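S.K.: take a look and give me a structure for this.
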Amino acid sequence: MTISLNHLSIRTLDLEATASFYNKIIGLAEGPRPPFQFPGKWLYAGDSDNYANAVVHLIGIDKNDPSGLKAYLGDRDVSSLQGSGAVDHVAFFLTGLEDKINLLKRLNVPFRERSVPLIKLHQLFVDDPNGVVIELNYPAEEKAAMDAKAGVN
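M.R.: Reported below is the predicted structural model:
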């Protein structure tokens, strides 16, 4: 198994000001982002051709239509999005998807799965004991191998 910290996600009501801060103060640059059903920006440290360099994911909150965000990441009370409460989740790159799913099931730890085909990523979302969302990212090939083994198309 390999593991590395992937990115920090921040929910924000002011997407442009937050992106500007990370650009001007930290030196991150906006780059490609999958076409999620909610506003946001991915900010890169280094080459934006490699999505692994997108170290800060900004999640914009569309007050007029938050349904895409709610469906993908769940709802949050806007009043809680101050200080550390604005941190949406912490993500890690790992390998060993099948073993992780088996472990989560064995321990009765609820998880949510998503696939992001554009960047060939399979995701598991779990909540830590404090309610912090932890995103576990795996190469999509591992999910495809699991599906092939199970006879799923």
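
S.K.: check which helix or strand Gly68 maps to.
M.R.: Take DSSP states H and E as the rule and Gly68 turns out to sit in helix 67-73.

S.K.: pull up the pairing partners for the helix or strand following that helix, direction included.
M.R.: Next along the chain after helix 67-73, taking DSSP H and E as the criterion, comes strand 87-94. Strand 87-94 has the following sheet partners, assigned by DSSP bridges: strand 3-12 (antiparallel), strand 133-139 (parallel).

S.K.: most packed of those strands?
M.R.: Highest mean neighbour count among these (mean count of other C-beta atoms under 10 Å): strand 133-139, with a mean of 19. Yep, even glycine has a C-beta here, placed from its N, CA and C like the rest.

S.K.: list the contacts of that strand.
M.R.: With contacts defined as C-beta atoms under 8 Å, 6 or more residues apart in numbering, strand 133-139 is touched by 6, 9, 73-74, 88-97, 100, 120-128.

S.K.: make a ChimeraX selection of the buried ones in those.
M.R.: Buried residues within the contacts of strand 133-139, by 16 or more other C-beta atoms under 10 Å, are selected in ChimeraX with:
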select :6,9,73,88,89,91,93,94,97,100,121,122,123,124,125,126
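
S.K.: so which bits of the helix holding Gly68 are buried?
M.R.: Leu69, Leu73.

S.K.: with stretch 27-36 instead?
M.R.: Applying 16+ other C-beta under 10 Å to stretch 27-36 flags Leu28, Ala29, Glu30, Gly31, Arg33, Phe36 as buried.

S.K.: just how off-centre is it within its chain?
M.R.: 13 Å (C-alpha atoms, centre = their mean, to the nearest Å).
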